[in-house]
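Engineer: sequence plus predicted model, see below.
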Amino acid sequence: MDRFLIESPHTVEDCKRAVKNVYTSGYLNNFDWGCKGGVHTGWVIIEAENESQALWLVPPFLRSNARAVKLVKFDPKMVDDFKE
């Protein structure tokens, strides 16, 4: 499986609904939130088969504005193989 960073922005008006929805789905402890810092976005890193599967973690009413970014950790061999 691949790892994905999910970024789920929401409005001030949708903030409580977003957090409550994540809470009721059982993922509250997995998410980090920027809301108290004025950035109304939730972030989570999960393992999933693909981007579409990763986005299923986002509440349906926020999914159209969310994005899932595939993450990779580079190892020394990968860096050495970079072409100049």
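Structural biologist: It's in.
Engineer: okay, CA-based contacts and neighbour counts for the rest of this
Structural biologist: Noted.
Engineer: tell me where the longest helix sits in this protein.
Structural biologist: helix 15-24 (DSSP state H).
Engineer: any buried residues in it, and which?
Structural biologist: The neighbour-count criterion (16 or more other CA atoms under 10 Å) identifies Cys15, Ala18, Val19, Asn21, Val22 as the buried residues of helix 15-24.
Engineer: do the same with stretch 41-52
Structural biologist: Of the residues in stretch 41-52, those buried under the neighbour-count criterion (16+ other CA under 10 Å) are Thr41, Gly42, Trp43, Val44, Ile45, Ile46, Ala48, Glu51.
Engineer: equivalent analysis for stretch 24-37, please.
Structural biologist: Neighbour-count burial for stretch 24-37, with 16+ other CA under 10 Å as criterion, is recorded at Phe31, Trp33, Cys35.
Engineer: if I pick the spatially closest residue to Gly42 that is not a sequence neighbour, what's in contact with it?
Structural biologist: Spatial nearest neighbour of Gly42, chain neighbours left out: Trp33 (4.5 Å); criterion: CA to CA, 6 or more residues apart in numbering. Listed by CA atoms under 8 Å, 6 or more residues apart in numbering, the contact partners of Trp33 are His40, Thr41, Gly42, Trp43.
Engineer: great, nothing more from me.
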